[in-house]
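In: Just to be clear, the model below is a prediction. Sequence and coordinates:
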2 protein chains.
Amino acid sequence: MKPDQELVEKIRSFNRFYTNVIGLLDQYFLDSPFSLTEGRVLYEICNTEECSAKKIRENIVIDEGYLSRILESFSKRGLIKKTPSPKDGRLRIIVPTEKGKREFANLNNNSNSLISQLIGKLSEEERENLLNKMEGIRILLEKAK
Amino acid sequence: MKPDQELVEKIRSFNRFYTNVIGLLDQYFLDSPFSLTEGRVLYEICNTEECSAKKIRENIVIDEGYLSRILESFSKRGLIKKTPSPKDGRLRIIVPTEKGKREFANLNNNSNSLISQLIGKLSEEERENLLNKMEGIRILLEKAK
DNA sequence: CAAAAATACTTGACTTTGTCAAGTATTTTA
DNA sequence: TAAAATACTTGACAAAGTCAAGTATTTTTG
């Protein structure tokens, strides 16, 4: 086995493990009015200045038509307002309504409480430790890009 | 903001980041004859002694009927052999064929090369560092369960 | 400046993926 | 030994995602 091969296998093992962790944490979508993808879209809408479908697609990989329909559904549900950009008539500026913001906050709370649960049994020190490792991984992987 | 709230938010941020990493690494399924779920099932089949649908469902969350159909399709594609267990006639023992093993190895190679690519720009020291952090996270989260 | 190309979004038709519930065969329990 | 439980299968359906053509607007270019 090449020296690297073992490392790669261990990283894959971690990925399988962490895929499960994420899967568990995503359970909060089950009793929400949103699918996972809708949740991600809503996240982008609530965290992007001058949001548009174009900008959303810069951040998440999603089919243009599919996204268009999700936005249409959000609009019908009263979660967002779409208005043509005055600067560029091709763009639709997307703004969350109060209701949209509320539902997003709700979703966040549910997600947060699952995470709180996950780290519930860890001591303060262990939690810091966990976060340090996470941030370390991020720095390394971002560097590697 | 509660002291924990900030930590939770940072963990979520890492999760979003890592979801993307995993998404990128899962691209290797795109030009394979398997869907992501099929890949996971095949993984279980190739890594479980006396494998059966029951055992697969102990390791991955999947609808019983859906799994049954995936296994049926694997069988038709000549990737596995299903035979009733002599010990318990309700169970079907699943064994990968040579072809199944080959295709699984193939899938692994593709996945491995994407990971190699991911860590390609890291030094030996950084790689070890990365793995240490991953294993640290796993230990912490498994402890927290 | 007008025609062509590109961009942003929408829509229709379709495939894939996943779910739910009822059904069959076998084993375990009472 | 009848009833309940388990392991798997099947049919009908719903949700999620993809592909390609179409519309409106803007940018590029000869």
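Out: That came through, no problem.
In: Quick one: work out the angle between the helix ranked longest in chain A and helix B:3-25.
Out: Residue-count comparison of every helix in chain A, with assignments taken from DSSP state H, identifies helix A:3-25 as the longest. Using axes from the mean of the first three to the mean of the last three CA atoms, to 10 degrees, one finds that helix A:3-25 and helix B:3-25 are set 120 degrees apart in direction.
In: Report the distance from helix A:3-25 to the chain centre.
Out: Mean C-alpha position of helix A:3-25 versus that of the full chain (CA atoms, centre = their mean, to the nearest Å) differs by 20 Å.
In: Pull out the buried positions in the next helix or strand after that helix.
Out: Where DSSP states H and E defines the elements, the next helix or strand beyond helix A:3-25 is helix A:36-46. Along helix A:36-46, these residues count as buried under the neighbour rule (16 or more other CB atoms under 10 Å in any protein chain shown): A:Glu38, A:Gly39, A:Arg40, A:Val41, A:Leu42, A:Tyr43, A:Glu44, A:Ile45, A:Cys46. Backbone N, C-alpha and C define where each C-beta goes, glycine included.
In: The second one contacts A:Phe29, doesn't it?
Out: Yes: counting by CB atoms under 8 Å, A:Phe29 is a contact partner of A:Gly39 at 5.9 Å.
In: which residues do these two both contact?
Out: By CB atoms under 8 Å, 6 or more residues apart in numbering or on different chains, A:Gly39 and A:Phe29 have these common neighbours: A:Leu107.
In: Find the nearest non-adjacent residue to the residue nearest in space to the middle of chain A, please.
Out: Centroid-nearest residue in chain A, with CA atoms, centre = their mean: A:Arg40, separated by 4.4 Å. The shortest distance from A:Arg40 to any residue that is not its chain neighbour, by CB to CB, 6 or more residues apart in numbering or on different chains, is 5.4 Å, and that residue is A:Ile60.
In: How about the contacts made by that neighbour?
Out: Listed by CB under 8 Å, 6+ apart, the contact partners of A:Ile60 are A:Arg40, A:Val41, A:Glu44.
In: ok, now A:Ile22?
Out: Taking CB under 8 Å, 6+ apart as the definition of contact, the neighbours of A:Ile22 are B:Asn15, B:Tyr18, B:Thr19, B:Ile22.
In: any idea how far the third one lies from A:Gly23?
Out: Put plainly, it is B:Thr19. When CB to CB, to the nearest Å is the yardstick, B:Thr19 and A:Gly23 sit 10 Å from each other.
In: Can you pull out the low-pLDDT segments for chain A?
Out: Judged by pLDDT under 70, chain A has its weakly predicted residues at A:1-3.
In: Which positions in it make contact with DNA strand D?
Out: Selection of chain A residues close to DNA strand D by CB under 7 Å from any atom of the strand yields A:Ser35, A:Leu36, A:Thr37, A:Ile62, A:Asp63, A:Glu64, A:Gly65, A:Tyr66, A:Asp88, A:Gly89, A:Arg90.
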